[in-house]
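>>> The following block contains a protein sequence and its predicted model.
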Amino acid sequence: MTQALLQGVHRFGNPEGAKLVLLHSSQSNTGQWRALIQALQNDFDCIGVDLLGYGSAPKADLAKGEAFRFEDELTRVVEGVKGLIGTQPIALVGHSYGGALALKMAFEQHLDVRALAMFEPVAFHLLEADEPARVEIEAIAAQMHQHDALAATTAFVDYWNFPGFFAGLPAKMQQLMASQASKVALDFAALMGEPHAPSAYQQMNLPVLLLTGSHTQQSAKRVAVQLLQVLPKVDHQQLDCGHMGPLTHPQLVNPLLIAFLHQHKDALRV
């Protein structure tokens, strides 16, 4: 395996435990799962993957532009995980962009996924082109292409939090997030460009936990509605938080993830 495939792939917990892969949101990294990993480390072999352009992962190919797709993320994620645990069955957890990528990985079985937990997967390809939620999120996506990366990042971060949130962050964090604006634009291209129709997910015959926040944005709400209509084995829980719940309210999110993962731990045995 090349060093590039290992770069940004982190392993924690019990190497003999049930296998768990964690995928973070845009403008984040595996560190967002720190508390969850600590709670699971005795029983689970936890693999966190920094997605391209974030954390210690390699940079994305910005020249891809609107042609960037999840396939550009997948090779590294799949080969990185296989390099550590081979083809053993896994549980998969993802948030936002990482949740949408996890959905694709589970549906297409790029790894042997036996259980899937997602917090607000932003699979925007599930939204109709003319519905208000799609128009709303496409306006945010369009802003990521402006030359002023700080303004683009302000609009993106405030959309998923609240007006003025980005301005209240430390300057060093603002600069880091603004430097990632071009990758966020690629993330949107991947999220919008997935080919699967909503009805396709009726074939996904594995247990799914779908967590949403009651204070989230319409675009995320509509994606959840679509998934709840088609996923055959889905348990939905709505929590008193917003889209960034795994970071802002881990005390609400993590107990549900932990219970789900322990419930399906036996299915992860080889």
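Received it, and whenever you're ready, just let me know what you need.
>>> what about the strands in this structure?
Using DSSP state E, the strands assigned to the chain run over residues 9-13, 18-23, 44-49, 90-95, 113-119, 208-213, 234-239.
>>> and Gly80, which of those is closest to it?
strand 9-13 (3.9 Å; C-beta to C-beta). Any C-beta I mention is one placed from the backbone N, CA and C, and that applies to glycine too.
>>> Distance across stretch 165-180, terminal residue to terminal residue?
Using C-alpha to C-alpha, to the nearest Å, the end-to-end distance of stretch 165-180 comes to 17 Å.
>>> Now stretch 115-134: buried residues?
Applying a neighbour-count criterion of 16 or more other C-beta atoms under 10 Å, one finds 115-127, 133-134 buried in stretch 115-134.
>>> now stretch 49-60
Buried residues in stretch 49-60 (16+ other C-beta under 10 Å): 49-55, 57, 60.
>>> same question, stretch 6-21
Of all the residues in stretch 6-21, those buried under the rule 16+ other C-beta under 10 Å are 8-10, 12-13, 17-21.
>>> low-confidence ranges in the stretch 1-150 of the chain?
1-5 (pLDDT under 70).
>>> Show me where it has its helices.
Under the criterion DSSP state H, counting those that start in this stretch, the stretch 1-150 of the chain contains helices at 3-6, 34-40, 71-85, 97-108, 132-143, 149-160.
>>> Go ahead and produce PDB holding the CA coordinates of the second one.
Right, the one you point to is helix 34-40. The C-alpha coordinates for helix 34-40 follow below in PDB (Å, rounded to 0.1, in the frame of the first residue of the first chain):
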ATOM      1  CA  ARG A  34     -12.800  11.600  19.700                       C
ATOM      2  CA  ALA A  35     -15.400  11.100  22.500                       C
ATOM      3  CA  LEU A  36     -17.200   8.400  20.600                       C
ATOM      4  CA  ILE A  37     -14.000   6.500  20.000                       C
ATOM      5  CA  GLN A  38     -13.100   6.800  23.700                       C
ATOM      6  CA  ALA A  39     -16.400   5.300  24.600                       C
ATOM      7  CA  LEU A  40     -16.100   2.400  22.200                       C
END
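>>> So what touches it?
With contact meaning C-beta atoms under 8 Å, 6 or more residues apart in numbering, helix 34-40 is reached by 12-13, 20, 22, 46, 48, 93, 246, 250, 254, 257-258, 261.
>>> Among those, give me the pair with the biggest separation.
Across those (C-beta to C-beta), the longest gap, 17.9 Å, separates Gly13 and Pro246.
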